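Student: Whatever this is, show me its structure:
(4 chains)
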Number of protein chains: 4
Amino acid sequence: MDSETEPRLVTTRRVEFVDTDMAGIVHFTNFFRYMEQAEAEFFRSQGHSLALTKNGSGVGWPRVAASASFKAPAFHNDVLQIRIYVRRRGFKSLTLQFEFRRSETLVATGQIKTAYCRFRPDLPIESLEIPAEFDSLLGPYDPTADKERSDKNE
Amino acid sequence: MDSETEPRLVTTRRVEFVDTDMAGIVHFTNFFRYMEQAEAEFFRSQGHSLALTKNGSGVGWPRVAASASFKAPAFHNDVLQIRIYVRRRGFKSLTLQFEFRRSETLVATGQIKTAYCRFRPDLPIESLEIPAEFDSLLGPYDPTADKERSDKNE
Amino acid sequence: MDSETEPRLVTTRRVEFVDTDMAGIVHFTNFFRYMEQAEAEFFRSQGHSLALTKNGSGVGWPRVAASASFKAPAFHNDVLQIRIYVRRRGFKSLTLQFEFRRSETLVATGQIKTAYCRFRPDLPIESLEIPAEFDSLLGPYDPTADKERSDKNE
Amino acid sequence: MDSETEPRLVTTRRVEFVDTDMAGIVHFTNFFRYMEQAEAEFFRSQGHSLALTKNGSGVGWPRVAASASFKAPAFHNDVLQIRIYVRRRGFKSLTLQFEFRRSETLVATGQIKTAYCRFRPDLPIESLEIPAEFDSLLGPYDPTADKERSDKNE
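Tutor: Numbers count the residues shown, from 1 in each chain, chains lettered A, B, ... in the order given. Here you go, the predicted model:
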């Protein structure tokens, strides 16, 4: 299940003053906030939520890994275009890819890998098979195409 | 119960790079983070915690109000001295006062008013009388001295 | 120049997952971020910016004081309505007032007092008279109505 | 220049309340803040700073890439041990590796790749050769051992 050429969602985020640092550019940690915000918008676009936990119970998508490459600085008041791609729809995990652009400039790229998990009081977080209700958002799971799966938790 | 002249705790916090903004100074929101960190250290100094909630149940100290006045800019790598005073030990609430100094310079002052509360699943947050186990940290409640109490939630 | 009854700007902000804490509610520091974001939108509505500093020079609006009162908890995915009022247009400073609502529930109120200032390399920040170009955004300065002015820096 | 087995610095960071999210664990973005804090401490250990920019001029270490893998959740009040390794000392860039542990539990690993750069007003950020003054901190540059160098900016 290779990365796609068409984004699943295109959204924007304006760089706020608080996102800048004394070097005059966006502090790198904020790109991870921007990714999560765009991911949440992607989930909401079909009525899903990143977190359905309540009182210590529920399901959610804790992060397995996150990465970003910074290609060009972003500045206060920039309106960044964010494109989301489904990089991999695994059996139990999901890898989203992100691109940040200011006009034609590629500002940053990133990935977030999340696992679909159950939270229960006083028990460890448990990863689950991603249910079929996400198929229309993420595409169905295709084991023959999933060359990246390396263990039972993916 | 007037403000004190002797701080209950004196601690320090180094200004991190991420705390600065493009104006080259500490973004004002970080002073509220610093206050909470110092408050947590004050609570820990006698074995208490700001939050004992678990699975939606427990007790904690949600904020009723917070304020700060900014007297002088703070910069990257400044080691700020933070002094905590108990401004008011109410029946159900607590007001802490904070002073931030860099050497002799008063950088900022602030206050956080919190209420001792019970969290229970699917029920509204409920304010409680501050129990006697906090008397050694905060001083006992003295109703005759508490001229600021204006309603039953304080 | 008393507080107004009609907001100058009404905007919204969705509570992001990262804004929540382990008590399941919005961490209080985020309300100050939300205020700044709304303030920036208010400034942009007439082509102004909170920060025109560049290379250590320029003008901006550093904060003199900030405060908030928290009336009801806010939760993940809440879409908060934010109303901005000009509480006081001083000679050199500006006090904005904010109200946060979720439907009919008043969630929080807040104030930010800022001073119009010049930044120059290697010199202290200097407060300036707010120029006439802000009159259409903030209203003109009316010394006879400004009962709160207490010193030359306001 | 392979990764090392001995950490260059071992430090700790206590998880603050504000670092948690509604799932009751540390929000993943904070691990990047923790890495930067530990990196700053590593630099300070020999009198260096992450940022010497002032008024838009100076030198600093903007980020080229950052990544993290999350192995186990971290909780409020955890005191995480952070180990820093020099993963690669390139000609113009530096890759640090981080490990986060709570007692024997490996909580997370991460990497930050930075480039030594000059900031000048109104000019693009320019990457520079890492000067010899960093040799005692990072080790000298060894081109024969640097198999990862792929272009002139590394």
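Student: Need phi/psi at residue A:83.
Tutor: Torsion angles at residue A:83 (phi, psi; degrees, to the nearest 10) stand at phi -110, psi 130.
Student: show me the residues around it that make contact.
Tutor: A:7, A:9, A:10, A:98, A:99, A:101 (Cβ atoms under 8 Å, 6 or more residues apart in numbering or on different chains). Every C-beta, even on glycine, is put in place using the N, C-alpha and C of the backbone.
Student: For those residues, pick the one with the most neighbours.
Tutor: residue A:98 (25 neighbours; other Cβ atoms under 10 Å in any protein chain shown).
Student: In this structure residue A:101 contacts residue A:78, no?
Tutor: No. Shown here, residue A:101 and residue A:78 do not form a contact pair, counting by Cβ atoms under 8 Å, at 10.1 Å.
Student: joint contacts of these two?
Tutor: Joint contacts of residue A:101 and residue A:78 (Cβ under 8 Å, 6+ apart) are residue A:107.
Student: Counting residues, which helix of chain A comes out longest?
Tutor: helix A:29-44 (DSSP state H).
Student: tell me the mean pLDDT for that one?
Tutor: Averaging pLDDT along helix A:29-44 yields 97.
Student: So what touches it?
Tutor: Contacts of helix A:29-44 (Cβ under 8 Å, 6+ apart): A:8-9, A:11, A:13, A:15, A:19, A:49-50, A:66, A:68, A:70, A:80, A:82, A:84, A:96, A:98, A:100, A:108, A:110, A:112, A:137, B:18, C:16-18, D:28-29, D:32-33, D:36.
Student: List the ones among these that fall in helices.
Tutor: A:137, D:29, D:32, D:33, D:36.
Student: Can you tell me how far residue A:51 is from residue B:52?
Tutor: 22 Å (Cβ to Cβ, to the nearest Å).
Student: With residue A:129 instead?
Tutor: For residue A:129, the distance to residue B:52 - Cβ to Cβ - is 34 Å.
Student: out of these two, which sits in the busier spot?
Tutor: Legend: neighbour count by other Cβ under 10 Å for residue A:129 and residue B:52, higher for residue B:52 (13 against 10).
Student: number of nearby residues for the nearest residue to the more buried one once chain neighbours are set aside?
Tutor: The shortest distance from residue B:52 to any non-neighbouring residue, by Cβ to Cβ, 6 or more residues apart in numbering or on different chains, is to residue B:58 (4.5 Å). Using other Cβ under 10 Å, the number of residues around residue B:58 comes to 16.
Student: and the host helix or strand of residue B:58, what other elements does it pack with?
Tutor: Assigned by DSSP states H and E, residue B:58 falls within strand B:58-60. Judged by 3 or more Cβ pairs under 8 Å, 6 or more residues apart in numbering or on different chains; DSSP states H and E, the packing partners of strand B:58-60 are strand B:117-119.
Student: Tell me who's in contact with the residue nearest to residue B:52.
Tutor: Contacts of residue B:58 (Cβ under 8 Å, 6+ apart): B:51, B:52, B:118, B:119.
Student: May I see the ChimeraX selection of the buried members of those?
Tutor: The following ChimeraX line selects those of the contacts of residue B:58 that are buried, judged by 16 or more other Cβ atoms under 10 Å in any protein chain shown:
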select /B:51,119
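Student: What is the nearest of the ones in helices among the contacts of helix A:29-44 to residue D:146?
Tutor: Nearest to residue D:146 among those: residue D:36, at 24.4 Å, using Cβ to Cβ.
Student: Can you tell me how far the closest one is from residue A:85?
Tutor: From residue D:36 to residue A:85 the distance is 28 Å (Cβ to Cβ).
Student: Looking at the two, which one has more neighbours?
Tutor: residue D:36 (24 against 18).
Student: partners of the closest residue to residue A:101 other than its chain neighbours in the sheet?
Tutor: Nearest residue to residue A:101 in three dimensions, chain neighbours excluded: residue A:81, at 4.6 Å (Cβ to Cβ, 6+ apart). Beta-bridge partners for residue A:81, by DSSP bridges, are residue A:12, residue A:101.
Student: so what's residue A:81 up against?
Tutor: A:10, A:11, A:12, A:100, A:101, A:102.
Student: now residue A:12
Tutor: A:79, A:80, A:81, A:82 are the contacts of residue A:12 under Cβ under 8 Å, 6+ apart.
Student: what's the least confident helix or strand in chain A, going by average pLDDT?
Tutor: When each helix and strand of chain A is scored by mean pLDDT, DSSP states H and E, strand A:58-60 comes last, with a mean of 88.
Student: What number of residues are in the vicinity of the residue lying closest to residue A:134 once chain neighbours are set aside?
Tutor: Spatial nearest neighbour of residue A:134, chain neighbours left out: residue A:48 (6.9 Å); criterion: Cβ to Cβ, 6+ apart. Per other Cβ under 10 Å, the neighbour tally for residue A:48 reads 16.
Student: does residue A:48 really touch residue A:135, like I thought?
Tutor: No. The pair formed by residue A:48 and residue A:135 falls short of the contact definition of Cβ under 8 Å, at 11.6 Å.
Student: which intervals of chain A have sub-threshold pLDDT?
Tutor: Scanning chain A for pLDDT under 70 picks out A:1-4, A:53-56, A:151-153.
Student: tell me which residues form a beta bridge with the residue of chain A found nearest chain D?
Tutor: Here the residue of chain A nearest chain D is residue A:67; by Cβ to the nearest Cβ that distance is 3.5 Å. Beta-bridge pairing of residue A:67 under DSSP bridges involves residue A:111, residue D:67.
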